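with the input below, show me the fold.
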Amino acid sequence: MVSDRGFDGLVIAARNNGCKARDAKIIAEAGMKLSDLVKFSIKSGLSGLEWAVGIPGTVGGAVKVNAHAFGSNFYDLTRNIRKEDEIILSAELELTKGDKQKSKTLLKEYIKKRNNAQPLEYPSAGCIFRNPAGRFAGQMIDQCGLKGRKNGGAEVSEKHANFIINSGNASAKDVVGLIDLIKSTIKDQFGVELEEEIEYVGF
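Model (predicted):
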């Protein structure tokens with residue numbers, strides 16, 4: 001999440017978005033959208049990336065933060081990462097030979113799960129907090145009665161309490177205010193220190 005003041009730095013947008021498949025491996029360039037990578041893997045008859053459907057961002061970003069969902073993650077598939085200094089250029093992923101029709105069916109199931117469980121109709125930064133060991137952050141936030149809590153244009157989602165949505169011109173300050181409230185409430189009621197999954201830039 002970027003500060004309302006911006007930050008004193010340089011943003012590098014990767015535009016390299018090619019990929020190729022060889023046997024059960026895919027070499028994907030950093031600028032390729034994850035959604036396109038998932039489609040390419042299925043088209044190539046490979047399975048193992050269906051869970052990533054609906055995750056925004058690129059291959060480079062997925063490698064950097066270890067994109068994960070539904071019990072799967074990017075690190076488990078990544079075999080080689082090509083970098084120049086600290087800039088990720090491409091990644092080699094190892095998948096498994098699959099059945100295209102089964103993959104398409106699985107894809108639809110994941111899309112349905114996302115639509116039912118996540119507030120995709122609103123802008124958000126995705127899940128805000130990591131799940132503590134043996135617990136679910138969203139469930140804990142819900143148990144504290146914080147669903148629907150607002151701070152300016154930022155709101156704790158009614159659909160999934162680990163999402164803070166932009167319900168109307170939210171600022172970064174609005175979001176941070178809700179994050180602080182959630183962390184202090186969870187600490188008071190459960191004795192658990194929630195850790196953010198998002199990263200702060202310019203704060």
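
now do the same contact list for A13.
Contacts for A13 (C-beta atoms under 8 Å, 6 or more residues apart in numbering) come out as G31. The C-beta positions use only the backbone N, C-alpha and C, and glycine is treated the same way.

if we go to 10 Å?
Neighbour list for A13: G31, T58, G60 [criterion: C-beta atoms under 10 Å, 6 or more residues apart in numbering].

same question for I111.
By C-beta under 10 Å, 6+ apart, I111 lies in contact with E50, V53, G54, L120.

and it, how close does it get to A161?
When C-beta to C-beta, to the nearest Å is the yardstick, I111 and A161 sit 22 Å from each other.

quick one: buried residues of stretch 102-112?
Within stretch 102-112, the residues that count as buried by 16 or more other C-beta atoms under 10 Å are S103, L106, L107, Y110.

skipping adjacent residues, who's closest to the second one in space?
Read it as L106. Using C-beta to C-beta, 6 or more residues apart in numbering and skipping residues adjacent in sequence, the residue nearest L106 is E50, 4.5 Å away.

and of the contacts of I111, the nearest to V11?
Using C-beta to C-beta, G54 is the member of these that sits closest to V11, with 24.2 Å.

name the helices or strands packed onto the helix or strand harbouring I182?
According to DSSP states H and E, I182 maps onto helix 172-190. With contacts defined as 3 or more C-beta pairs under 10 Å, 6 or more residues apart in numbering; DSSP states H and E, the packing partners of helix 172-190 are strand 124-127, helix 137-143, strand 150-151, strand 154-156, strand 163-166.

sorry, back to before: the contacts of A13 in helices, which ones?
Cross-referencing the contacts of A13 against helices under DSSP state H gives G60.

now a ChimeraX select for only the buried ones of the contacts of A13.
The command below creates a ChimeraX selection of those among the contacts of A13 that count as buried (16+ other C-beta under 10 Å):
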select :31,58,60
